[in-house]
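Undergrad: coords please:
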Amino acid sequence: MKVARIVFPGFWFGESDLSTAKQLARMGVGGFCVYGGTAQQTLAFTQKMREASPYNHLLICADINEDLTEVVPDAPALPSNISLGKCASAEGAYKKGNVLALQARSLGIDWLFAPVVDLGYSSPAFCEVPSCVTRLAGDFVAGLSNGGALNCIKYFPGVSGVLKTLAQMEDAEFMPYKSLFRRADAIMPSDMTFPNIDGENQAMLSDKILRGLLKKRLNYKGCILSFPLWKAYVRYEAAAALKMLHCGVENILAPADPFSVIEAIEREVNKGFLVDEIIHSISNHEMAISKVFAQPAVSVQEAFALAKDFCNKK
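TA: Presented below is the predicted three-dimensional model:
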């Protein structure tokens, strides 16, 4: 069993070593999270990793809240999420998602860790009203899907509810999640602690939040991605990765030391643990690939022109 496939290392242009990334690709990682490269650098990197991988397809990911400028600095910026909540047009969120997906796919990026469905008055939130967030996030997800990209709804259970009780969150922070579960390619938990639910663990490390609340109480059946480990406040990364997998997380994102994380997972599997969970994760991985590569990508020039046109019309 290639347990490396559930790990998605990060690659930081100007910092990470290309030969190390190729080694990870040959080991069979599921994909990469890219950070800080130009459009041409990102496209070249995605092509090289796919050539090095033993699999037909890798899933390349963008760890974003708003648009691709967060990880591809020369990509055209798109309107902020909060501006879409104030816009009179009902199509803004859909168009943003669609243009963003076309941009990403043109660069070889398949999975966008968006949208943020936290309630709030400023971006990356869409709005402070649960029903408004649900509608706009749903339109955004539809745009991503029709543009050929995968989505990830975050940050569960909702940063705006950090001091609320479960009862208070039921018809507020949970509303977008419950409405979008069937259309979500993944859910990403927060790295914050929610004291009224589990005061001892961050959400991403909490069995009460991931299994007890998300999977059992709210009946979510889909994929859970880890919070990107390189920016999470964890002391022992490999141990944290194992704990997340035991709590129901399926894929480990951007660990600072992917080799140690992969080795830790392999040791756990050799002990007889996590076998069924990893088989299930790899099965979901194949389903995600089939969704993405069913649609051809447009050129970088065409995608960026569409983005600029969208911004001009806004």
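Undergrad: Can you get me a residue count around residue 219?
TA: Neighbour count of residue 219, defined by other CB atoms under 10 Å: 9. Where you see a C-beta, it was placed from the backbone N, CA and C, and this is true even at glycine.
Undergrad: Find the centremost residue of the protein, please.
TA: For the chain, the residue nearest the mean C-alpha position is residue 113 (2.9 Å; CA atoms, centre = their mean).
Undergrad: Find the nearest non-adjacent residue to it, please.
TA: residue 152 (4.3 Å; CB to CB, 6 or more residues apart in numbering).
Undergrad: Report pLDDT for the residue nearest to the centre of the chain.
TA: We have a pLDDT of 98 for residue 113.
Undergrad: doesn't residue 66 make contact with it?
TA: No. Residue 113 is not in contact with residue 66 according to CB atoms under 8 Å; the separation is 11.2 Å.
Undergrad: Show me the contact partners of the helix or strand of the chain with the lowest mean pLDDT.
TA: Least confident helix or strand, the chain: helix 81-86 with a mean of 86, by mean pLDDT, DSSP states H and E. With contact meaning CB atoms under 8 Å, 6 or more residues apart in numbering, helix 81-86 is reached by 66, 92-93, 96, 115-116, 120-127, 132-133, 136, 140, 314.
Undergrad: if you set the cut-off to 10 Å instead, what comes out?
TA: Applying CB atoms under 10 Å, 6 or more residues apart in numbering, the external contacts of helix 81-86 come out as 65-67, 78, 80, 91-97, 114-117, 120-129, 132-133, 135-137, 139-140, 314.
Undergrad: From those residues, which land in helices?
TA: Residues of those located in helices (DSSP state H): 92-97, 132-133, 135-137, 139-140.
Undergrad: Could I get the phi/psi values of residue 206?
TA: phi -100, psi 120 (degrees, to the nearest 10).
Undergrad: My read is that it contacts residue 195, right?
TA: No. Judged on CB atoms under 10 Å, residue 206 makes no contact with residue 195 at a distance of 11.3 Å.
Undergrad: residue contacts, residue 30?
TA: Applying CB under 10 Å, 6+ apart to residue 30 gives the contacts 2, 4-9, 53, 55, 57-59, 61, 111, 250-253, 281-282, 285, 288-289.
Undergrad: What separation do you get for it and residue 236?
TA: Going from residue 30 to residue 236 by CB to CB, to the nearest Å gives 22 Å.
Undergrad: Flag every buried residue along stretch 198-207.
TA: In terms of neighbour count (16 or more other CB atoms under 10 Å), stretch 198-207 has its buried residues at 198, 201-207.
Undergrad: Can you list the low-confidence ranges for the stretch 1-150 of the chain?
TA: Residues of the stretch 1-150 of the chain meeting the criterion pLDDT under 70: 87-90.
Undergrad: count of residues packed around residue 94?
TA: Neighbour tally, residue 94, other CB under 10 Å: 21.
Undergrad: In the chain, which residue sits furthest out from the middle?
TA: residue 271 (29.5 Å).
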